[in-house]
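1. Task: produce atomic coordinates for the following.
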Amino acid sequence: MVAMNRPDADPQSSTAWPRLTLRTTDQAVLAAVSCVSLVFIATWCCYQAYLGGRTIDIERAEPIAIDFKIDVNKAEWPELTLMPNIGEQLAKRIVSDRTDRGPFKDLEELRRVRGIGPKTLESMRPFLQPLPPIQSTAENEPPQPAKVN
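-> So this is what the prediction gives:
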């Protein structure tokens, strides 16, 4: 109860906040929870300090080599930009050339794209899938039935 409600209370000695009193068992439970929490925090800090010696410094970490192969006749320009020395504009020119002139028959035909010279082609080669031979459309068509007279 707030002391202000009592008729004999001194209004200057009372506080705006009521006093909170805990039973002895409540105090013991609160003390136990606090001790367990402090032990947990201390254990976590020690564990983090132990891990501190095993952190990886990103600037000193050795780079991981990623091996991937791109099919130049199917890849879109974002995939082509993953290769070294191939920026967005050159990748878009490769896709545009493939769209205009048809698929590349072998990797040497990439030289027809403006901006791809011998050095650029050689730097791209490890990342390109070998191109299968393109079959003529006559071989891909189903056989026509023979006419009977």
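2. Does residue 94 touch residue 113 like I think?
-> Yes: between residue 94 and residue 113 there is a contact under C-beta atoms under 8 Å: 5.3 Å. Where you see a C-beta, it was placed from the backbone N, CA and C, and this is true even at glycine.
3. just how off-centre is the helix or strand where residue 26 lies within its chain?
-> Using DSSP states H and E, residue 26 sits within helix 24-52. Centroid separation for helix 24-52 versus its chain: 36 Å, with C-alpha atoms, centre = their mean, to the nearest Å.
4. So for it, what gets flagged as buried?
-> By 16 or more other C-beta atoms under 10 Å, helix 24-52 has no buried positions at all.
5. what's the helix or strand just after it in contact with?
-> The element immediately downstream of helix 24-52 (helix or strand, assigned by DSSP H and E) is helix 77-80. Helix 77-80 is contacted from outside by 70, 72, 86, 88, 90-92, 94-95, using C-beta atoms under 8 Å, 6 or more residues apart in numbering.
6. what about 6 Å?
-> 70, 86, 91-92, 94-95 (C-beta atoms under 6 Å, 6 or more residues apart in numbering).
7. Serialize the residues you listed to JSON lines and add fields for pLDDT and neighbour count.
-> JSON lines is the format used below for the contacts of helix 77-80 (pLDDT from 0 to 100; neighbours: other C-beta atoms under 10 Å):
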{"residue": "70", "pLDDT": "91", "neighbour count": "16"}
{"residue": "86", "pLDDT": "89", "neighbour count": "22"}
{"residue": "91", "pLDDT": "94", "neighbour count": "20"}
{"residue": "92", "pLDDT": "95", "neighbour count": "15"}
{"residue": "94", "pLDDT": "94", "neighbour count": "22"}
{"residue": "95", "pLDDT": "95", "neighbour count": "17"}
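8. want to throw these into a markdown table with secondary structure and distance to residue 18?
-> Compiled in a markdown table, these are given as follows (DSSP: H, G, I helix; E, B strand; the rest coil; distance: C-beta to C-beta, whole Å):
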| residue | secondary structure | distance to residue 18 |
| --- | --- | --- |
| 70 | strand | 73 |
| 86 | coil | 73 |
| 91 | helix | 72 |
| 92 | helix | 73 |
| 94 | helix | 77 |
| 95 | helix | 75 |
